[in-house]
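**Q** Curious how this folds, go ahead:
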Amino acid sequence: MSRIFILAFVLFATLFAVNAAPLALEKRETEFGQCPNVPPTVVTLDVKITPDPAVAGGDETFDVKGTMQIDVVTGDQMVFAFIDLVAKQLLEDPLIVDICSLPGVTCPIKAGTVFSTTQKYTAPSQLPDSYAIGVGIGSGQPEFVPLGCAIAFVGGNDLSAVSSADLEVWNFL
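**A** Numbering: from 1, shown residues only. Coordinates of the predicted model:
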């Protein structure tokens, strides 16, 4: 009888020890995808950020790749923005740069040609619970025509509702 109690005690002690051990946390990568409500000719850019996830007030490095459907020429711009999803407004002024002045980019970039560049951008000093990070490429003045776009939704419980027709991403870029 005492052997059964000893065995039961050892099993319960082992079970409690295993459950009490900290579980390895899975790092969730910020995933950029297609921007909602843009014309079908707008290319979805491949974007990776470092550090990931974004750190409030920290320097973010954006690695952007894409294959444009339309030639990119001098004067075309790349925009980086952090968007508050609840207030539906920019967290800070976006970073707007001439795409042809970025490292690794030689203009013109002919349609169908893969390009890749890196850009640093300081994240807002305060990030809300749910926000979006948008990256866009546009052409033309005075009317800005979208050529490429990517957006990542961060935080919150159910971002699928926010990422639908509610959010006109291009208005922020």
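
**Q** got the buried residues for stretch 101-117?
**A** Residues 102, 105, 107, 109, 115, 117 are the ones in stretch 101-117 that count as buried (16 or more other CB atoms under 10 Å). The C-beta positions use only the backbone N, C-alpha and C, and glycine is treated the same way.

**Q** ugh, wrong one, stretch 134-141
**A** 134, 135, 136, 137, 138, 139.

**Q** Could you identify the most distant pair in these?
**A** Greatest spatial distance among those (CB to CB): 134 and 139, at 16.8 Å.

**Q** out of the buried residues of stretch 101-117, which are inside strands?
**A** Cross-referencing the buried residues of stretch 101-117 against strands under DSSP state E gives 115, 117.

**Q** what about the residue nearest in space to the middle of the chain, which helix or strand?
**A** Centre of the chain computed as the mean C-alpha position; nearest residue by CA atoms, centre = their mean is residue 152, 3.5 Å away. The secondary structure element spanning residue 152 is strand 145-154 (assigned by DSSP states H and E).

**Q** Can you give me the buried ones in that strand?
**A** Neighbour-count burial for strand 145-154 flags 146, 147, 148, 149, 150, 151, 152, 153, 154 (criterion: 16+ other CB under 10 Å).

**Q** From the contact counts, what lies against it?
**A** Here strand 145-154 is seen to pack against strand 43-44, strand 46-50, strand 131-139 when contacts are counted using 3 or more CB pairs under 8 Å, 6 or more residues apart in numbering; DSSP states H and E.
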